[in-house]
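**Student:** Would you be able to build a 3D model of this:
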Amino acid sequence: MILANVRQRLTRDDAQLVLRLVARGSEHELASAEESLRDHGLDALLDDPRLLPALIESRQAAHASLPLFAYVVVRNALRGVDEHDRGISDYVASIVVHFATRDHANRIAAGDDEVYDTLAALLADVDRGEPARRFLVRAHLGNYALWLSGLFPDHVEERRWRRGGPDLDYYDEMGQRGFALAAQHRLARQYGMEQLYEATAARFPRIRTALNSVSDRLLFPNRSTPERLMRQVHDEVRWRRPS
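**Tutor:** Numbers count the residues shown, from 1 in each chain. Just a heads-up that it's a prediction; the model follows:
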């Protein structure tokens, strides 16, 4: 199962890279960053507004680990829609890291033989099988809905217009349902995930919007369609803080 543990997976090398990226070659800034690290911990540097541009632009950033890059990108996107819960940032980044490798997006667990390619198929299985599997299916329903609608919203919209597929509101609804059902399972309490699932369910549309900005700016930056523009305008009105 996916846990909110990306920050725990960051290494000393990650921390040293963050220091260098924030300092940008300045000895004075390096000393200041090291002091901040000592006094406030790595979280303070991960939230430094200089870090994300440096990760994108600096040659040194080629050495960044996937967990570091994913967390900083997700954290900045979530803060952009006024979502500041570090636990949610950690969890969403964990989803991105986990689903970015192999075929994890289509399986509830590495050892599970069932392959899912629709939310409807996952929903049909939320109450089937033994308790542990039901729990994993419920969590995966939320995770998979967020992954697809968050990082591939243009694909969702294209399928909607060309093939009559579901819209982003459908993904919001299914994602919320998955996380809410997962929160109700006894294993959520056992793994300390109950409150996080509840919060993610309640804030799913906001979180999905944050990931949409990651998709638009970093994954598919050169696409321009009327559907994307309408989505962006809608999201700007709905979630963004006034400038």
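**Student:** Quickly note the distance from the residue nearest in space to the middle of the chain to residue 16.
**Tutor:** For the chain, residue 92 is the residue whose C-alpha lies nearest the centre (CA atoms, centre = their mean; 3.0 Å). As judged by CB to CB, to the nearest Å, residue 92 and residue 16 stand 25 Å apart. Placement of C-beta: from N, CA and C, glycine included.
**Student:** three-state assignment of the residue nearest to the centre of the chain?
**Tutor:** With DSSP: H, G, I helix; E, B strand; the rest coil as the basis, residue 92 sits in helix.
**Student:** I'd like the distance between it and residue 148.
**Tutor:** From residue 92 to residue 148 the distance is 14 Å (CB to CB).
**Student:** likewise residue 177?
**Tutor:** 15 Å.
**Student:** Okay, helices next: where are they in this structure?
**Tutor:** Taking DSSP state H to define them, one finds helices in the chain at 12-23, 27-40, 42-46, 51-57, 66-80, 86-99, 119-124, 131-151, 153-163, 168-184, 186-190, 194-202, 204-214, 226-239.
**Student:** I'd guessed residue 214 sits against residue 73; true?
**Tutor:** Yes: using CB atoms under 8 Å, residue 214 is in contact with residue 73, at 5.7 Å.
**Student:** Just checking, which helix or strand of the chain averages the lowest pLDDT?
**Tutor:** helix 226-239 (a mean of 82; mean pLDDT, DSSP states H and E).
**Student:** How far does that helix sit from its chain's centre?
**Tutor:** Between the centre of helix 226-239 and the centre of its chain there are 19 Å (CA atoms, centre = their mean, to the nearest Å).
**Student:** Need the CA coordinates for that helix. CSV is fine.
**Tutor:** As requested, the backbone C-alpha atoms of helix 226-239 are provided in CSV (Å, rounded to 0.1, in the frame of the first residue of the first chain):
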residue,chain,number,x,y,z
PRO,A,226,-10.0,25.2,-26.0
GLU,A,227,-10.8,22.5,-23.4
ARG,A,228,-7.5,23.1,-21.5
LEU,A,229,-8.1,26.8,-21.5
MET,A,230,-11.7,26.4,-20.2
ARG,A,231,-10.5,24.1,-17.4
GLN,A,232,-7.7,26.5,-16.5
VAL,A,233,-10.0,29.5,-16.3
HIS,A,234,-12.5,27.5,-14.2
ASP,A,235,-9.8,26.4,-11.8
GLU,A,236,-8.4,29.9,-11.5
VAL,A,237,-11.8,31.2,-10.4
ARG,A,238,-12.5,28.3,-8.2
TRP,A,239,-9.2,27.7,-6.3
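**Student:** Tell me which residues of that helix come out buried.
**Tutor:** 228, 231-232, 235, 239 (16 or more other CB atoms under 10 Å).
**Student:** Now do the contacts for residue 186.
**Tutor:** residue 131 (CB atoms under 8 Å, 6 or more residues apart in numbering).
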